[in-house]
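Colleague: Take a look and give me a structure for this.
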Amino acid sequence: MGSRPSGSSADTSATAPAHALPAVGHWRWIICGLLFFATTFNYVDRQVIGLLKPTLQHELHWTEIDYGHIILFFQFAYALGYLVMGPLIDRLGTRKGYTIAALIWSVAAMAHAAARSVFQFIEARFALGLGEGGSFPASIKTVAEWFPRKERALATAVFNSGTNLGPIVVPLVIPWVTITYGWRFTFIITGVLNLLWIVPWLLIYRPPEEHKRISSAEFAYIRSDPSEPPVKIPWARLLPHRQLWAIAIAKFLTDPVWWLFLFWVPDFLNRTHGLNLLALQIPLAVIYIGATVGSLGGGWLSGSLIKRGWTVNASRKTAMFVCACGAVPIIFASRTSSLWAVVGILALSTASHQGWSANLFTLSSDMFPRRAVGSITGVIGTAGALGGMLISEVVGKLLEKTGSYSLIFGIAACAYLTALLIIHLIVPRLEPAKIDVS
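Modeller: All right, here's what the predicted structure looks like:
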């Protein structure tokens, strides 16, 4: 292991109570900023195809089922990417692991420009999914390494808000790029942005123990939680634990709703309110600004409750319950005639999802040691991607048959409360998993 910053001791950093140490220094937030920009570029890549769906369908003659299959194969590769990248990041570390993932999805994003058929788009989306599957395992592991427990939900919310900024940027910028230069150039420019991000990541990122610029006071603050044994934890030791399956089931039930927002909301607004590529700009921006507020609010709420003396269990579940209730009104989206009322409902729904997601991801570092977080995130991310695969097929076939989003939004409205109930039944106290590492 690399050298620890001068002046910090193993005993102090490992055992001092978190509330007894002041939050000194800023490097952990600079690292979080890098995660935020990576997540933003990641979501620009995946959101572009949703915005361009009407254009691509018209030019390349896709059916709704063709589009569903393209999204399905992305989700399948994304699930596979989680399974492969999670353990790889635990083994190689976040610096090397995230670099590899970003290189893969950058090249894949640019490869879309050469696609001319449904099959070629499936190939490009498959490669994109493989690379992007490394983003959240690397980010969640980085947060576990760089933040004490009481700040992890907020740090997760901050980088996760990049999932909202990406969809805000896309409708504001991509229509102009597409109209001016064509949709093929659009995919090239998004891939180049990812490649540019790798440079500051390699220049700045190191684990706290190896970082030369972090102060001893900030290092002690980061390591103010109880110490963990410095041992590798294989998958076989993780899979039997109910804590893992509680999070995985919740991801399976609720991640599909986010994929629904990303890949079908532009189409929904086009079908029901006649919005073309340019007219979608402001409504989509408002929807995802709401998501940003929800992400930060959800992370802040649980962290604030912990600082007030609430248990981690009560804090996380209270925040998640508030978010689950906020997702219910989406059931009215397809039955409302006013465009801006629909936009408001969708903004509340995306806000609720992102607040929920910030806390759900944080459960992995609440109940599992830092050294296992990459693998844990890989497993639960795979579960979420499998749910996304299912929603891709369901939405495509329902739209082909009915042309309506009513049943689809009804399913989304129930997903979060159902998932929270399952979490509470499986892990009523969010107790840490007892892993045999002998």
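Colleague: for the stretch 1-150 of the chain, what spans make up the helices?
Modeller: Applying DSSP state H, counting those that start in this stretch to the stretch 1-150 of the chain gives helices spanning 10-15, 27-51, 53-60, 64-92, 94-111, 118-132, 135-146, 149-160.
Colleague: Mean pLDDT lowest where, among those?
Modeller: When the helices of the stretch 1-150 of the chain are ranked by mean pLDDT, helix 10-15 comes last with a mean of 35.
Colleague: Just the buried residues of the host helix or strand of residue 300, please?
Modeller: Using DSSP states H and E, residue 300 sits in helix 281-307. Neighbour-count burial for helix 281-307, with 16 or more other Cβ atoms under 10 Å as criterion, is recorded at 281, 283-303, 305-306. (Glycine included, C-beta is placed from N, CA and C.)
Colleague: how about stretch 405-421: buried residues?
Modeller: For stretch 405-421, by 16+ other Cβ under 10 Å, it's 405, 408, 409, 411, 412, 413, 415, 416, 417, 419, 420.
Colleague: Could you name the helices and strands sitting against the top helix by length along the chain?
Modeller: Ordering each helix of the chain by length in residues (DSSP state H) puts helix 242-273 first. Helices and strands touching helix 242-273, by 3 or more Cβ pairs under 8 Å, 6 or more residues apart in numbering; DSSP states H and E, are helix 27-51, helix 53-60, helix 64-92, helix 162-181, helix 281-307, helix 339-367, helix 373-402, helix 406-426.
Colleague: Okay, buried residues for the first one please.
Modeller: It stands for helix 27-51. 27-28, 31-51.
Colleague: same deal with the third one?
Modeller: For helix 64-92, the buried set under the neighbour-count rule, 16+ other Cβ under 10 Å, comprises 64, 66-90, 92.
Colleague: shaky segments in the stretch 151-300 of the chain?
Modeller: Residues of the stretch 151-300 of the chain meeting the criterion pLDDT under 70: 227-235.
Colleague: can you rerun that using 80?
Modeller: Along the stretch 151-300 of the chain, segments meeting pLDDT under 80 span 163-164, 167, 225-237, 263, 277.
Colleague: sorry, back to before: residue 219 is nearest to which of the helices and strands packed on helix 242-273?
Modeller: Among those, helix 27-51 comes nearest to residue 219, with 9.2 Å by Cβ to Cβ.
Colleague: relative to helix 135-146, how tilted is the closest one?
Modeller: Using axes from the mean of the first three to the mean of the last three Cα atoms, to 10 degrees, the inter-axis angle of helix 27-51 relative to helix 135-146 is 170 degrees.
Colleague: got the angle for helix 27-51 vs helix 53-60?
Modeller: 50 degrees.
Colleague: thinking again about what came up before, can you tell which of the helices and strands packed on helix 242-273 is closest to residue 252?
Modeller: Nearest of the helices and strands packed on helix 242-273 (Cβ to Cβ): helix 373-402, 4.2 Å.
Colleague: which parts of the closest one are buried?
Modeller: For helix 373-402, by 16+ other Cβ under 10 Å, it's 373-389, 391-392, 394-396, 398-399.
Colleague: do stretch 51-64 as well
Modeller: For stretch 51-64, burial by neighbour count (16+ other Cβ under 10 Å) applies to 51, 52, 53, 54, 55, 56, 62, 64.
Colleague: Name the residues that touch it?
Modeller: With Cβ atoms under 8 Å, 6 or more residues apart in numbering as the test, stretch 51-64 has contacts from 49, 67, 70, 116-118, 121, 170-171, 174-175, 178, 183, 186, 263, 266-267, 270, 276-277, 280, 284, 396, 399-400.
Colleague: just checking, residue 364 touches residue 378?
Modeller: No - using Cβ atoms under 8 Å, residue 364 makes no contact with residue 378, being 10.1 Å away.
Colleague: how about low-confidence regions in the stretch 301-438 of the chain?
Modeller: For the stretch 301-438 of the chain, counting by pLDDT under 80, the residues that fall below are 370-375, 377-378, 392-393, 396, 435-438.
Colleague: go with 90
Modeller: The stretch 301-438 of the chain contains residues with pLDDT under 90 at 303, 306-307, 358, 361-362, 364-366, 368-382, 384-404, 406, 432-438.
Colleague: State the distance from residue 325 to residue 296.
Modeller: Look at residue 325 and residue 296: by Cβ to Cβ, to the nearest Å, they are 18 Å apart.
Colleague: circling back to that earlier point, can you give the distance of the longest helix of the chain from its chain's centre?
Modeller: Distance, stretch centre to chain centre, for helix 242-273: 11 Å (Cα atoms, centre = their mean, to the nearest Å).
Colleague: wait, what's in contact with residue 332?
Modeller: Each residue near residue 332 by Cβ under 8 Å, 6+ apart is listed here: residue 345.
Colleague: if we go to 10 Å?
Modeller: Contact partners of residue 332, counting by Cβ atoms under 10 Å, 6 or more residues apart in numbering, are 341, 342, 345, 406, 409, 410, 413.
Colleague: Determine which two of these are furthest apart.
Modeller: Most distant of the contacts of residue 332, by Cβ to Cβ, are 341 and 410, 17.7 Å apart.
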